[in-house]
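J.: Got a predicted model here, sequence first, then my questions.
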Amino acid sequence: MTIQDQLSDLIHAALTAAQGAGALPAFDLPAEIPIQRPKAGYGDFASPVAMALARFAKQPPLAVAQTVAAHLPTGGLVGKVEVAPPGFINLWLSANWMAAQVERILQAGPSFGDATYGQGQRAQVEFVSANPTGPLTIGHGRNAVLGDSLARLLEAVGYQVTREYYYNDAGRQMELLGESVRARYRQLLGQTVEWSEDYYQGEDIIEIARELQAEFGDTLADEPLDRFRRFAQEVITETQQAALTRLGIRFDVLFNEHNLTTSGEVWEVVKGLKEAGVAYDAEGATWIRMTQFGGEKDRVLVRSNGEPTYSLPDIAYHKNKFDRGFDLMVNVLGADHAAQYPIVAAALKTLGYDTSKLHVVSYQFVTLLRDGQVVRMSKRKANYVTLNELIDEVGPDVVRYFLLMRSVDTHIEFDLNLAVKQSDDNPVYYVQYAHTRIAGVLRQAAERGIELDPQADVSVLSDPSEMALIREMLRLEEVVTLAAKQLAPHHLCFYATDLATAFHTFYDRCPVLPPKQTDAALTQARLKLCAAAQQTLARTLGLLGVTAPDRM
RNA sequence: GUCCCCGUAGCUCAGUGGAAGAGCGUUGGGUUGCGGACCCAAAGGCCGUAGGUUCGAGUCCUACCGGGGAUGCCA
C-alpha cells in the first residue's frame, strides 16, 4: 500500500470518527480521499478534501479541515497535522517513521519503487517498426528509447511485457531499394545507368554496392533485382539492430507484415468490415467508410490493382495483437504516422474489439542542433545524421537521457554542443555523478577498514538533508506509477535530477566517514542511507536504460 | 479548409481541477579535497488573448492569435 493510500485511509477514518462524534453531520464520504504533494513548506502531503465536502457538511471548508485534523490519529506515519486556508489539511511524516524507511528500502532491494497494479496482466509494446530501407535516424532513436523505457516501466508495475518490432520487407519501397543498390553497383562497374529521382541517395547505398563489388566483383551485373534487394536488406537490418543494441534495446518479436497477407488475415479483415457495412467496393478499389467515424473522407484499403494499402495490414496486425490476448497494447508512433491511427481504431471497433486497451504514444519531431544550426534529416537525401553517428558522438547514455527527458508532446531540439559537454549543464552527468559519489564513499569506507554493520540503527538520522533525501526516495513508486499510467517516461528524468539534488545536498552537509565524521554510529547509519540512495538512483536510471557508473 | 501538438521566468522546459516550479543564464556566497562533474542564496511570471464551467482553472469547454506537424489507390 502506498503512503498516499495509507494517508487516504487515515483521513477517511478521521471523517468517520468525526461523524460518529457528531462533529460533522452524516453524509456519504468519497471512497478515495484525494492526497496531493503540496508546495514547499506545507508538509509532505496534503488533502483538499475539506473544500469538496464543505457543502455537504454545511460548514466552511476551514472548519471541516480543523475537525478532520482533530480526529486524525498522530503517531506512527503522521508526525504533524496543520490546517491552512482555504481548507487544506497538511500532513508531515514523522522523522522516526522516515528514518525507519531506510531499512525498508534496503530490504526491498532493486524492486523498491515497483508497483503491482499490472500484476497478472500482459502488455505489448510495439516500437521502432522501421522498414529496412536505411539507417535509423534520430527520430527512430526517440521512438526506440521511448518504447524501451515504457516497456521497462510497465514491467516495474507488474505487467508481463512483450517488446515487438513490426516491419515490411516487401513492396514498392523495397523494390526501389534494390534498384538503387543495383544502379550504384553498375555505376561502380563503370556502366552508365539511368538514375531515377525516386532512388535512395544515401551514402549507405553506395557503401552496400561497394561491399557487393568487393565480395562478388562484376559477376552480379545481370543478377535479378531480388538479389540486390535481399543483400541490401541484410546489411541495413544489421546496421539498424546494431544501433538499437548499443542503446540496450532488444525485441521479443520481430513481426513481418508479409505474414498477414500469406495467412489471409488481411482478407478476413476486409470480409469482416464489408459484413459490417463499413467497407465497400467502388472505382475498382475497396474503401473504408471513415466519414462514418468523423473522418474527412473515405480511405482506400485495397487498391484497384488488388494490392492492399498500408492501412489494411496495419489493421490486421492490430487485430492479431488483440487475438493474442494482451490486456494492454502500446504503439509508439511519430506524429507524422499518427494520422493513420483513426483508421485502425475505427476498423477494430467495427470488428468488435475493445480499443480502450490500445494506446498510441505519439511523439513530436526531433531536430538536431550543431553550433546553433539545424542539421536537417531527410531519408532519401544523403544529408542526415544517423542514430549510430549520434551515439558515436555523445554515447548511449546521453542519447537516451536527452530523448527521454522531454514530454512526448514537445518538439526536441537535440543540442549536440550541450550533449557533448561533460559538465554542469548536462543533466545526465549530474545524476550519474550522484551515483558515482556514493560508490566513492562506499569504496572509501572499505579502504579505511570500516565494516558495514547490518544492525546499525538508522533512527539516529535526523538532519533536514537526510530527511529530504529519504523523502525523495519514497517518491519513487509514485513516480513510476505516474509515468507508467501516463505512458510518460520523462517524469523519471525530472525525478532523477530531484533525487540527485537531494543526495548532493546531503553529501555537502553530512560527512559520512572519519575523520570528518567522528560519531561511529552516525557513520554506520549514513552508510545505510548512502546504500539506499545508491540503489534508488540505480533503479531510476535503470528504468531509463541509462547506466549507473561507479566511476566517471 | 479540416485534424493533431505546442504557447508558463531572458533561454530550454516540468506542472495528476486545489497554495505558480526546475535547469541553464545573470548576480552574490561556500572547499586546509568522504572526487567541486558539487552546494547555498537572490533577482526574474497579467501561465498567448477573450469568454465559459467550477467552491476553486496554468490544467476542463468555446472562439480567436502565434509557431510546428498531418492531411496519397506512399510507408
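T.: All right, it came through fine.
J.: which regions of the stretch 251-400 of chain A sit below the pLDDT cut-off?
T.: Applying pLDDT under 70 to the stretch 251-400 of chain A picks out residues A:376-384.
J.: Do a quick rundown of the helices in it.
T.: Ranges of helices within the stretch 251-400 of chain A are A:258-262, A:265-275, A:311-323, A:341-350, A:387-394, A:396-404, based on DSSP state H, counting those that start in this stretch.
J.: So which of those helices is the most surrounded?
T.: Each of those was scored by mean neighbour count; the highest is helix A:396-404, a mean of 25, by mean count of other C-beta atoms under 10 Å. From N, CA and C alone the C-beta is placed, and that goes for glycine too.
J.: which SS state does residue A:81 fall under?
T.: Using DSSP: H, G, I helix; E, B strand; the rest coil, the three-state assignment for residue A:81 comes out as strand.
J.: picking that back up, looking at the helices of the stretch 251-400 of chain A, which is closest to residue A:74?
T.: Residue A:74 sits nearest to helix A:396-404 of all the helices of the stretch 251-400 of chain A, at 40.3 Å, using C-beta to C-beta.
J.: That closest one packs against which elements?
T.: Where contact means 3 or more C-beta pairs under 8 Å, 6 or more residues apart in numbering; DSSP states H and E, helix A:396-404 is packed against helix A:138-156, helix A:387-394, strand A:412-415, helix A:416-420, helix A:427-447, helix A:490-509, helix A:520-544.
J.: for the fourth one, which positions count as buried?
T.: Translated: helix A:416-420. A:416, A:418, A:419 (16 or more other C-beta atoms under 10 Å).
J.: any idea which of those is least confident?
T.: For those, the weakest pLDDT value sits at residue A:418, with 76.
J.: Compare the helices and strands packed on helix A:396-404 and report which one is nearest to residue A:15.
T.: Here helix A:490-509 is closest among the helices and strands packed on helix A:396-404 (C-beta to C-beta), at 30.9 Å.
J.: same for that closest one, what does it pack against?
T.: The contact analysis (3+ C-beta pairs under 8 Å, 6+ apart) places helix A:490-509 against helix A:396-404, helix A:427-447, helix A:464-473, helix A:476-486, helix A:520-544.
J.: make it 10 Å
T.: If you count contacts as 3 or more C-beta pairs under 10 Å, 6 or more residues apart in numbering; DSSP states H and E, helix A:490-509 packs onto helix A:138-156, helix A:396-404, helix A:427-447, helix A:464-473, helix A:476-486, helix A:520-544.
J.: so can I have CSV of those showing distance to residue A:309?
T.: Putting the helices and strands packed on helix A:490-509 into CSV (distance: least, C-beta to C-beta, whole Å) gives the following:
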stretch, distance to residue A:309
helix A:138-156, 22
helix A:396-404, 31
helix A:427-447, 42
helix A:464-473, 51
helix A:476-486, 32
helix A:520-544, 37
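J.: okay, these in a markdown table with distance to RNA strand B next?
T.: Listed next are the helices and strands packed on helix A:490-509 as a markdown table, based on distance: least, C-beta to the nearest atom of the strand, whole Å:
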| stretch | distance to RNA strand B |
| --- | --- |
| helix A:138-156 | 11 |
| helix A:396-404 | 10 |
| helix A:427-447 | 3 |
| helix A:464-473 | 8 |
| helix A:476-486 | 6 |
| helix A:520-544 | 8 |
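J.: of the buried residues of helix A:416-420, list those near RNA strand B.
T.: Among the buried residues of helix A:416-420, no residue sits close to RNA strand B (C-beta under 7 Å from any atom of the strand).
J.: okay, the helices and strands packed on helix A:396-404, which one's buried deepest?
T.: In terms of average neighbour count - mean count of other C-beta under 10 Å - the standout among those is helix A:138-156, at a mean of 25.
J.: List the contacts of residue A:504.
T.: By C-beta atoms under 10 Å, 6 or more residues apart in numbering, the contact set of residue A:504 is A:430, A:433, A:434, A:437, A:465, A:469.
J.: quick one: the nearest residue to residue A:29 once chain neighbours are set aside and RNA strand B, what's the gap?
T.: In this structure, residue A:29 finds its nearest non-sequential neighbour in residue A:15, 5.4 Å apart by C-beta to C-beta, 6 or more residues apart in numbering. Distance check for residue A:15 against RNA strand B: by C-beta to the nearest atom of the strand, to the nearest Å, it reads 15 Å.
J.: Pipe the helices of the stretch 251-400 of chain A into JSON lines and attach distance to residue A:57 per row.
T.: Below are the helices of the stretch 251-400 of chain A laid out as JSON lines (distance: least, C-beta to C-beta, whole Å):
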{"stretch": "helix A:258-262", "distance to residue A:57": "60"}
{"stretch": "helix A:265-275", "distance to residue A:57": "55"}
{"stretch": "helix A:311-323", "distance to residue A:57": "47"}
{"stretch": "helix A:341-350", "distance to residue A:57": "44"}
{"stretch": "helix A:387-394", "distance to residue A:57": "58"}
{"stretch": "helix A:396-404", "distance to residue A:57": "45"}
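J.: No further queries at this time; thank you.
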